[in-house]
Structures are given as C-alpha cells and as structure tokens.
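Visitor: Got a predicted structure here, sequence first:
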Amino acid sequence: MSSGWWLEGEAGTSTARELKDALDNGDSLSREALDACVGKISRQIDESTAHIYETINRHYSDFVNVVAFSETMQAEVNALAADLSDIEGQAKKGRLANIINSAQEQRVLAKRLGTTKSAVGVLQQLCKVDGLLRSFDTAVERGQYDVAAQAVAEAGRLVTTLVPETENGCDPKIFAAIRSDYRRKRAKLKAELDGLWVAAVVWGGAGGPGKVGMDDCLTVSTSVPAPHGRCEVELRVVVDGLRHTEMLDRKLTVFAEQAAKVVLEPMLKTPGTAISVDRKPKTVTLGLTKRATVRGATRSKRGGDPNADVAVVAAVYTSAEQLFQLVAGAFGDDVTVRRAVGTSLWPRFSAVVIERVLGNKVSAQRSKQEQLVQIVELTRGFEATVRSLGFIGDDDAQLTGYLAEITVHTANNRRQELLETAREYLSADNFNTVLVKQDTERGGLFKEYDDVDDTAADKTSAACGGVTSAASLTESLYRLPQCHVSVSTKSLLDLAYDSLADMSGMEPEEATMVFYGVRDMFDLFRAVVPIKNREMLLQVPQLCAVFHNDCFYLAHHLLTLGHQFRSALPASMQPLATFVDMVPSFRALGEGLFSQMLHRQRTELGKAVGACGLGDIDEPARFEEVQRVIQQALHQLGQLAGVWKGVLPLEIYLRAVGSIADVVVGALQTSVFQLEDISSVQTQKLRSLFEPVLLTVPLHFDKVGGATVGVEAAREYIARWSKFQDVYEVLDAGLRDIVAKHKAGGYAVSAAELRGLIKAIFSNSELRAKCLSELR
C-alpha cells in the first residue's frame, strides 16, 4: 500500500481500519502518517460536533423536526468512537513502537488521543440524551409512563455530566437548550403522574373520611384514563413511574398515613366496626360498616363469656387483612413498594391495636390461659400473613412481642396511669380541705385505741401526774393529730392505698411496678406542689397551713405504708418495701415552708409595732397613732388565728399563734423599757393601750379544736407573756408593793428591768432610792 494512503482517503473512510490493515500487511509507516491519521479523525470530530450542535440547536431552540437525522447522527458518532478505539488498541499493543521511540512522544500521543476521546465521549452523551428526550413523548403518548420516567431519569443523570464548566462539558448554549427541555419534560411527567395517582387512589366520601356506615373510605382503581384520553394507564405503571421520579416514597408514606387515619384507626377505636370490600372490574372500594355484635363482648369486662374477647381480636385481624391484601393486589408484585407502605403503616397500626385491642382484651384474659393462647395464635397468624405479603420483615413483630411481655406492659401501663392520675390531682387548683383524724384513717398502728380521742389521752396523762409510759409514748408517735388536709392530697393517699391493696392479685412483676409507681406518686408531690404554688403558699397563711398538714399527713402514713403491704410483693422485694426513707424529706418540706411563712408574718408585725414606739403618747394624735398600730396588729393576729384554728393540729396551732403574739407583746414591752420618763398621764395611756392586748390574745388559746385549753395556755405558748403582764401591773403599782412582790419572786421581769421602770415612772425620792437599793 502506498505510504500516502492516509492523505488520499475520503472523509467517510475509516482511517483507523486502514491504519490497522497497513500494519497487518507489513507496510512501513512514518510519524507523519500517524499524525495525519489522528488529525483526520480530529477534523471528522470537529465536523460531527458542528453538525450535531446545529441539529440539536434547531430541534430544541427553533423546534424544527429533525427526527430523520437522529439515527444518522448516532451512527456517525459511533463510527468515530470505533476509529479512536482502534488507534488506542494499536498503541497499547506496541505496534506503533517503531515510529514512536521516546517516552515523551508516547505521552504526547496519549494526551492527544485522550483529548480526542473526550470530545467523542461528549458527542456520545449528547446523542444519548437527545435520544432519551425524543423517546419521552412517544412513551407518554402510548401511556407508558414507566418507560417515560426511566428515560427522563437517565437523561437527568447524563445532563449532569455535560455541565460546560467540567472537563467533559459541552457548549453552554447546547447545554442550556438540552437542560431546559429535560426540565420541562420532568415537570410535565411529575404533574401527570401526580394526577394519575390522585385519580387512582381516592380517599373518603362526601361526608368526610372515616364516617362509619356513611361513606366509602378508600377507592383504588387498577387503571385510569391517561390525561390525553387516548389510552388507559395501569396503576402498576403509575407506581413504577413514581419510583423512577423519586416521588413514590412520599406518596406511599402519605398513603400509609391516610390508611391508618381513615380506615384502621376508626375501625379500631369504634367498637363493633369492620372493613367492607366492594370489588368491581376496575375498582376496589373499602368502607367501614357495623359488624355483628360478638355475643358476650359487652359482658366480658364484667366476667361474662371469656371467648368473646378472642372473637373480637379475630374480627379485627380479619378486617385489617383485607386492607393489606387490597394494597398488595393494587400496587403489583413489587416487594419494595409493599415494604415502603409497611414501613409507614405497620408501626402506627400496631400501636393502635395494642392500645385499643390487645391492651384491654389480653389484660382481661391474663388469668384465663386457654383464651390467652388463642389470642397469641391469632396474632402470630396475622403477622405471618402480613409478612408473607411483603409489608413487614422477619424482625417486625410488635404485636407478638407485646404479648410475650404482656405482664411487663400491663405493669408499665398501670404505673403510667397512677402517675397521670396523681398529676391530675396535684395540678388541679382545688383548695378545698377535709378533716382527718386517727379513728377515720386507713392503716396505721394501735387500732385498738382509735376510739380514744386526744382529749381523753391528755386527761389520762394528767391523772398519772404527767408521766407517760413507754407504750403510750410509742403510740403517740404513730397517732395522727386531728387537722385539715387538702382534698387532692387525701385523694392521692387513697389512690396509693387502693393501688397497693390491688397488688395481692397481681403477678410479681406487676406488683413490683405498682409499688414503685406509688413511690413515684409521692415523689411527684414533692416535685410539683411546692414549686407550682410556692409564692402562694408563702403569701397565704391558710394555704401554707394546709400544705404543712399535707406533708405531715403523708409522712404519718408513709411510716407504716410499706409494712402493711410488703407481703403482696415478691420475697426478694419485701426487705426493700418501705416508704420510711421518704418521711424526713416530707417533714422537712412542710416544716420549712411553714417556718418561712411564719417568719415573714413575725417580721412584718414586729417591724410595724416596734417602729411605732410608745413615746409622747400623752398627745392625742400620737396616742391615736399608736392605738391604731396595736389594733392592726391584734386584727392581723386574729385573722391568722381564725384561719389556722381547726386547720392546724392543736399543738402546732398553739405554738404558731403563740409565736406571732410573742412578737407583738415583746415589741410593746421593749418599747416601754426604752422610755426614760413616764408621766402619770402616760402611765394610764400605756395601760389603756395594753389592756386590749391582755384581753384579746388569750381568747385565741381558748376552746381550740373542741378542747378547752384555758387562758393559762397563753402564758405557756407566749414566751414573753408573763413579762408583759408584769409590765402592765407595775405601771399601776406602788413602790412598796413592787419591792414586796419582787422579793416574793412574783415577777418574771428581771431586777434590772424593774429598776428601769421605777426610774421612769417614779420621781426621785428617798423612798425610790431605798426601793432601788433593795432590788437585787
């Protein structure tokens, strides 16, 4: 063959094949011949590129129909790719080594061939994209939306490889034209697939979804008319199209949610409801209808026919299977589709079945082993059916898993119910109170003495000379003093007793859970009440007193609560069955808040009375001012005593009122001791100011809690009451009488305080000096 053959070849001749033939025949080749061959391929690529760009531009920009050229264009590009592949093959086999000696020349040739190959690759991608986009319209026209979706998805993947800024990018104008057409077709495909899905899957009726016995819940069509109306599109094809456009997962998730909301949940939440199926040639319709009442189902909760609950569970599973079978038949045999529906539908369905069916029916049948086994077998068979349809995997066994641990679940539910009920009691703003006393309370010790009231016990103690025996002391520690507690706290304690009493008929795990649930209730009290009502408790004395009683009331019962019910717990739990560890915290909580409130009241009264002082009271305006302050203090004391009387335990009431009164009388007598000169007029004024205090305060200690305590209680519970009485007496006594009574030990005030009063009241005289010298 002539060495100039590569220069004489026509544009359409396969130069690579000629090169291969020459080498096979042993013809000698020069470097110039090889360069000319590669150059010729490059020129052909440039020509093809220009031709392809012009054709694509005319089609996508000017909308000229060039379908006849598409096959020729594809063949031309494939031929160029084959030529280039042949040259690369010769180079890799080493058959060009005699004309390419140096490594640098080999790299140059490799780079040139690589650039040429990239250009051919771009042309091939363009041709593929063009072919895919051209096939889209034909597929849509025929109703082949799955084929159209595959074409658009593949075209989208290829378009991303043609971005102009990348190494293998194409001309920006051509890229923009192709990308724009791709986006238009993708948007059109999504819109039409969405419309087909909506037409094929119809939820609810005119009256709204889920109306039992009123409307159809779901209608699924196996095929629907195409948008152009010239053919029918199968639902299976729509599903495949949605998958290729990445819309299927969202559609199936919504479908599962709607199926649960419109079909399954109304069926499970409305007793006696079943799914009805109406099958027609092209549609399947699901509705809710009233099923025949299972005989004994109503009475089963009251100990009627135990098989009724089994029948209810079987009916629920049968209805649910119809929905799963409808979905399986409508969406085709694709397991991926079924699993996607099951992923969204099964957890929600299982939760409602457990809550509305198994949680009630199985709990009622736990003591009836035969019926429980039947329910377990029905559940296992139902899960196997759903699993065989492809909606769930082997590991998805929520229903049978729940039944396997029914005791634990029942115990957890019981514990949650306890806490929810306790939270309702404690969160309610119910400030009503109820009277509690030892002989009306549940549990406790010394039941044989419950008919002995506190007054009788006090009389017995007094008859014995005030000596209390060890047995009586022990008993008094466990006796509940009469007081008022809040209705919510009383309800909380009754709930605790009822729950602990029920443990005797429970499984060990459930009894243990109930025991800890009751402990959690008391912890909830400590966590909620003092935080929620803290400011109110500190500002409203009556509420604070009731809260104090609540805490000590609970602490009183916690002393023996565990002891009373520990026998109902497993043997391993009995040593730990106690509430005694909670007693100190409850006592500290009630005492702490009550002490804070009491301190606030004492501080306010002490400041008001002390700041007023008793000087210059011989002036009418000043006397009226001091009188008004004392009256206000007595009024506030009376208000506190009024709201605490009968509410607080007797001893706590006496100490609290005595503490408040002590602040008032202490501030008054301190003000008297601070006076350096008291005239006879001021002396009478002071006595007229102190007299209401002496008359009013003891009344708060008399006839408290149904017992006549007596006026003498004021002297016992008001620390400075005796001194105050002494000051009142000294203001109207003579010097000799004062000294005589002091020598007889009749005054609670000290000698120094007496000397101060004498100096202020009496003028300087030999008698005063003598009396002062006698005061020691």
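Guide: Sure, I can see it.

Visitor: Which stretches in the chain count as strands?
Guide: Along the chain, counting by DSSP state E, strands occupy 201-203, 216-221, 223-225, 232-234, 273-279, 283-290, 433-436, 483-486.

Visitor: Kindly reformat those as CSV containing distance to P508 and mean pLDDT.
Guide: Glycine gets a C-beta too; all of them are placed from N, C-alpha and C. Converted to CSV, the strands of the chain look like this (distance: least, Cβ to Cβ, whole Å; pLDDT from 0 to 100):
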stretch, distance to P508, mean pLDDT
strand 201-203, 48, 86
strand 216-221, 44, 80
strand 223-225, 59, 87
strand 232-234, 58, 86
strand 273-279, 37, 81
strand 283-290, 42, 81
strand 433-436, 33, 91
strand 483-486, 33, 92
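
Visitor: Nearest approach to D726 belongs to which of those?
Guide: strand 483-486 (34.9 Å; Cβ to Cβ).

Visitor: tell me what the closest one is packed against?
Guide: Applying 3 or more Cβ pairs under 8 Å, 6 or more residues apart in numbering; DSSP states H and E, one finds that strand 483-486 contacts strand 433-436, helix 541-565.

Visitor: what's the shortest one in contact with?
Guide: I take that to be strand 433-436. 480, 482-487, 490, 546, 553, 647 (Cβ atoms under 8 Å, 6 or more residues apart in numbering).

Visitor: Equivalent analysis for stretch 238-246, please.
Guide: With Cβ under 8 Å, 6+ apart as the criterion, stretch 238-246 contacts 145-146, 148-150, 152-153, 186, 189-190, 193, 196-197, 200, 224, 248, 251, 331-332, 334, 336-337.

Visitor: List buried residues within those.
Guide: Listed as buried from the contacts of stretch 238-246 are 145-146, 148-150, 152-153, 186, 189-190, 193, 196-197, 200, 224, 248, 251, 331-332, 337; burial here means 16 or more other Cβ atoms under 10 Å.

Visitor: Select from those every entry located in helices.
Guide: Taking DSSP state H as the definition of helices, the buried ones among the contacts of stretch 238-246 contribute 145-146, 148-150, 152-153, 186, 189-190, 193, 196-197, 200, 248, 251, 337.

Visitor: quick one: buried residues of stretch 744-758?
Guide: So for stretch 744-758, counting by 16+ other Cβ under 10 Å, buried means 747, 749, 753-758.

Visitor: Kindly report the same for stretch 595-612.
Guide: 597-598, 601-602, 605-606, 608-610, 612.

Visitor: Would you convert those residues into a markdown table that also reports pLDDT and distance to S388?
Guide: Output for the buried residues of stretch 595-612, formatted as a markdown table (pLDDT from 0 to 100; distance: Cβ to Cβ, whole Å):
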| residue | pLDDT | distance to S388 |
| --- | --- | --- |
| M597 | 92 | 69 |
| L598 | 93 | 73 |
| Q601 | 91 | 76 |
| R602 | 92 | 79 |
| L605 | 90 | 82 |
| G606 | 88 | 84 |
| A608 | 88 | 85 |
| V609 | 87 | 88 |
| G610 | 83 | 89 |
| C612 | 82 | 92 |
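
Visitor: quick one: T410 and A511 touch, right?
Guide: No - between T410 and A511 there is no contact, the gap being 11.2 Å when judged by Cβ atoms under 8 Å.

Visitor: between these two, which one's more packed in?
Guide: A511 (22 against 19; other Cβ atoms under 10 Å).

Visitor: Wait, the more buried one touches A568, no?
Guide: Yes - counting by Cβ under 8 Å, A568 is a contact partner of A511 at 5.8 Å.

Visitor: sorry, back to before: could you dump the strands of the chain into JSON lines with distance to Y402 added?
Guide: Output for those, formatted as JSON lines (distance: least, Cβ to Cβ, whole Å):
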{"stretch": "strand 201-203", "distance to Y402": "29"}
{"stretch": "strand 216-221", "distance to Y402": "26"}
{"stretch": "strand 223-225", "distance to Y402": "40"}
{"stretch": "strand 232-234", "distance to Y402": "39"}
{"stretch": "strand 273-279", "distance to Y402": "22"}
{"stretch": "strand 283-290", "distance to Y402": "25"}
{"stretch": "strand 433-436", "distance to Y402": "41"}
{"stretch": "strand 483-486", "distance to Y402": "39"}
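
Visitor: ok so, going back, what do A511 and A568 both touch?
Guide: Joint contacts of A511 and A568 (Cβ under 8 Å, 6+ apart) are M503.

Visitor: so who does G332 touch?
Guide: Residues in contact with G332 (Cβ under 8 Å, 6+ apart) are 235-236, 239.

Visitor: try 6 Å this time
Guide: Going by Cβ atoms under 6 Å, 6 or more residues apart in numbering, G332 touches R236.

Visitor: same question, R587
Guide: So R587 contacts A555 (Cβ under 6 Å, 6+ apart).

Visitor: Taking the buried residues of stretch 595-612 together, which two end up most distant?
Guide: M597 and C612 (23.7 Å).

Visitor: Go through stretch 277-292 and flag the buried ones.
Guide: 283-288, 291.

Visitor: Other residues contacting that stretch?
Guide: Contacts for stretch 277-292 (Cβ under 6 Å, 6+ apart): 212-213, 216-222, 266-267, 272-276, 322, 326.

Visitor: Same check on stretch 752-761?
Guide: 673, 675-678, 730, 772, 775.

Visitor: before we move on, the earlier item: R157 is nearest to which of the strands of the chain?
Guide: strand 232-234 (24.7 Å).

Visitor: so how far is that closest one off the chain centroid?
Guide: Centroid separation for strand 232-234 versus its chain: 46 Å, with Cα atoms, centre = their mean, to the nearest Å.

Visitor: What of stretch 608-624?
Guide: Worked out by Cα atoms, centre = their mean, stretch 608-624 lies 61 Å from the chain centre.

Visitor: cool, and stretch 265-273?
Guide: Distance, centroid of stretch 265-273 to centroid of chain: 26 Å (Cα atoms, centre = their mean).
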